[in-house]
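> got a predicted model here, sequence first, then my questions.
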Amino acid sequence: MKRLILADNQAIFRAGAARVLALEEDMRIVAQCEDLTRLSNALDAWRGSIVLFSSTMQLDPKAIVARAKAAGSRTILIAENGAEIAEDLARSLDGVVFRNVPGPDLIECIRRVGQGQRSVQHSNVTSIAAQDTVGARVRDRLTPKEMQIVALIVQGCKNKHIATQLNTKEQVIKNYLRSIYDKTGVSDRLELALFTIHHHLLAEAAARAGDLLHAKTA
């Protein structure tokens, strides 16, 4: 049984990854961590685990790798789509996946790392962009307001918080979500977040919308 520590400050991604991994009989998530304190506690409590941790967390990845190795654990970095990883850091990791990794590829990476192998997913932004016709089509169908809502959903925000951020009512947000679900072909907010994460062009557009919204409210 492979024991997994899943550390990511994006709640939606953690939930989606947990849903995928929970179906595997040879894997068990023993801890989900949203910050460095929880990750540190998990590393001490679950020695000999496979640690999946996100590059977006406020931590020193080299220190995490060193601490995990000292505990007999192995490490997989969840990198942002298209990000470049320093060569010395990449060499120290047992595995690397990108945020838009398909579920089967994530499972394969974990299995290989669990067998003592290295598994590094290579990022090819040009190829991803060329192939992501679905992401481009959905991106072009969403209005700027809908894209802001998608960005906040990916960040794990609830409807009430989204309404506050956009200076509107919660029922208005629910109406927008119904339209967004129709345009993306998903049925709930978790599927929407996972759909966005796995379509590179849509994820980029949502990130830009989120940054603009943050700049306006800062």
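Yep, it's here.
> all contacts plus neighbour counts: C-alpha atoms, from now on.
Fine.
> assumed residue 147 was part of a strand.
No: Residue 147: not assigned to a strand; according to DSSP: H, G, I helix; E, B strand; the rest coil it is helix.
> please name the residues that touch it.
By Cα atoms under 8 Å, 6 or more residues apart in numbering, the contact set of residue 147 is 139, 205-206, 209.
> reformat those residues as JSON lines; add neighbour count.
Below are those laid out as JSON lines (neighbours: other Cα atoms under 10 Å):
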{"residue": "139", "neighbour count": "23"}
{"residue": "205", "neighbour count": "21"}
{"residue": "206", "neighbour count": "25"}
{"residue": "209", "neighbour count": "21"}
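> where does the protein dip in pLDDT?
For the chain, residues meeting the criterion pLDDT under 70 lie at 122-132, 217-218.
> which ones are touching the spatially most central residue of it?
Residue closest to the average C-alpha location in the chain (Cα atoms, centre = their mean): residue 13, at 4.0 Å. Taking Cα under 8 Å, 6+ apart, we find residue 13 in contact with 193-194.
> host element of it?
helix 11-21 (DSSP states H and E).
> buried sites along that helix?
Using 16 or more other Cα atoms under 10 Å as the test for burial, helix 11-21 gives 11-14, 17-18, 21.
> on that earlier part again, closest one of the contacts of residue 147 to residue 55?
residue 206 (18.6 Å; Cα to Cα).
> now do the contacts for the closest one.
So residue 206 contacts 147-148, 150-151, 196 (Cα under 8 Å, 6+ apart).
> so which of those residues comes closest to residue 118?
For the contacts of residue 206, the nearest to residue 118 is residue 196 (27.8 Å; Cα to Cα).
> what number of residues lie near the residue nearest to the closest one when sequence neighbours are not counted?
In space, residue 196 comes closest to residue 203 once its chain neighbours are excluded; the distance is 5.2 Å by Cα to Cα, 6 or more residues apart in numbering. When neighbours are counted by other Cα atoms under 10 Å, residue 203 registers 26.
> just how off-centre is the helix or strand where residue 203 lies within its chain?
Per DSSP H and E, residue 203 falls inside helix 200-217. Distance, stretch centre to chain centre, for helix 200-217: 16 Å (Cα atoms, centre = their mean, to the nearest Å).
> buried ones in it?
200-207, 209-210, 213.
> right, I'll call it a day here.
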